[in-house]
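**Student:** Take a look and give me a structure for this.
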Amino acid sequence: MRSAEAFPNLEKLDIGWFSSLALPPLSTSLKKLKKLKCGSLNLASLSSKLETLTDLTVHFTNTCKCITVETLESLANLKKLEIWEADERSLPEEGMRALKSLTSLSVNYCRKLMGGLPQGWLRHLTALEELDIFQCDGVVELPDEVRYLKFLAKVELKSLPKMVYLLKALQHLSSSLQCLFLSTLCEQSSLPEWLGDFTSLEELTISECPKVTSLPTRIRGMTNLQFMLVMECPELERRCEREIGEDWHNIQHIPHLVPDGDFDDEFRTEYDKQYNEYEDPNMCFDVPQDTPKTSEDHSQYYNRVFGNRRDKLKVEKIKMKKVPLQISQFQ
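**Tutor:** Next comes the predicted model:
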């Protein structure tokens, strides 16, 4: 096969995580490639000519833990980057400077990261609008570099067992942040009063954060807040109870308020089943065919699971972009 001209019109390529798969020299023919999912070793074999790429998902392997500066510099048009099992060496700062068009960054299962995201990962992503961090066990706080992300509108922080100081860095985003999703932050104990300064916030989800026991009183001034979901936070749920909870008078202005008790048993059973099955990526052989395996699937999955209950919950106008859990992509 003449590999150099094999796929001149190819726009999407999904190699998966097969790091031992030997690829022919395709780079000269991938002139229209926009979306790529592969292992880090495969990315290296495709050379650095990926100027047309806008969507990249990379799983870092033990044999290749770093994307070269040259490859990152060739990704000037990249808008979405999703990484799995990276460490502090995986994205050199010199190369990250080139990602001026990046609007979405998702960091998953990076369990070797200690303290926070490495210096230089965020500072230069000045167009970033969405940041998603999932199952990074050593991450304690967000880096101060978040202050440079003037367009950051959506932050999702999920399954970060050591995170304590998440909102310290977010304080600089009070005029841009629209959606804040907090899930399974076991050490997060409170939400600061200055959260009320987030005048642009429209959606707030607090799920499985048992130490968060109350809301800041200034939340009553967040007039743009349209949707709040409280789930698996026993004391906070009690305080948000309609009419009688201590925090009810601070949140009664929110049009779509969904305390945990409003979920019916069918939804809770399905949510718990899905969430518990996918905490460990090694359990991929149990993944049902209808569960989301990529971020594009999340919206459809959320609507299927949650949509049938909208009449009961009186949240017909809620348009969530992602299901409130992250499913392993290891297949």
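**Student:** Who are the contact partners of K32?
**Tutor:** Under the criterion of CB atoms under 8 Å, 6 or more residues apart in numbering, the neighbours of K32 are P8, N9, L10, E11, T52. C-beta here means a position set from N, CA and C on the backbone, and glycine is covered the same way.
**Student:** mind putting those residues in a markdown table, neighbour count, distance to E141 and secondary structure included?
**Tutor:** Converted to a markdown table, the contacts of K32 look like this (neighbours: other CB atoms under 10 Å; distance: CB to CB, whole Å; DSSP: H, G, I helix; E, B strand; the rest coil):
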| residue | neighbour count | distance to E141 | secondary structure |
| --- | --- | --- | --- |
| P8 | 11 | 47 | coil |
| N9 | 9 | 45 | coil |
| L10 | 16 | 41 | coil |
| E11 | 13 | 39 | coil |
| T52 | 15 | 36 | coil |
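**Student:** So V107: helix, strand or coil?
**Tutor:** Three-state call for V107 (DSSP: H, G, I helix; E, B strand; the rest coil): strand.
**Student:** should've said R218
**Tutor:** Three-state call for R218 (three-state DSSP): helix.
**Student:** G196 is in contact with that one, correct?
**Tutor:** Yes: the pair R218 and G196 qualifies as a contact (CB atoms under 8 Å) at a distance of 2.5 Å.
**Student:** The two: which has the busier surroundings?
**Tutor:** More crowded of R218 and G196, by other CB atoms under 10 Å: G196, with 20 against 15.
**Student:** Let me see the ranges of the helices in the stretch 51-200 of the chain.
**Tutor:** In the stretch 51-200 of the chain, the segments counted as helices under DSSP state H, counting those that start in this stretch are 69-73, 93-96, 166-170.
**Student:** what's around the closest residue to T103 other than its chain neighbours, how many residues?
**Tutor:** Closest residue in space to T103, ignoring its immediate chain neighbours: E129 at 4.5 Å, by CB to CB, 6 or more residues apart in numbering. Neighbour count for E129, taken as other CB under 10 Å: 17.
**Student:** any idea how far E129 lies from Q226?
**Tutor:** 18 Å (CB to CB, to the nearest Å).
**Student:** go on, T52?
**Tutor:** 37 Å.
**Student:** Got phi/psi on L36?
**Tutor:** Dihedral angles of L36 (phi, psi; degrees, to the nearest 10) stand at phi -140, psi 130.
**Student:** can you list the contacts of K32 in TSV and add distance to K211 and pLDDT?
**Tutor:** Converted to TSV, these look like this (distance: CB to CB, whole Å; pLDDT from 0 to 100):
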residue	distance to K211	pLDDT
P8	56	71
N9	53	79
L10	49	82
E11	46	87
T52	46	89
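**Student:** Closest to L257 out of those?
**Tutor:** E11 (42.3 Å; CB to CB).
**Student:** Let me see the contact set for that closest one.
**Tutor:** Neighbouring residues of E11 by CB under 8 Å, 6+ apart: K32, L33, K34, K35.
**Student:** Of all the residues you listed, the one with the weakest confidence?
**Tutor:** Ranked by pLDDT, these bottom out at K32, which scores 81.
**Student:** which SS class is it?
**Tutor:** Going by three-state DSSP, the secondary structure assigned to K32 is coil.
**Student:** ok, now how distant is it from T52?
**Tutor:** Where T52 is concerned, K32 sits at a distance of 6 Å (CB to CB).
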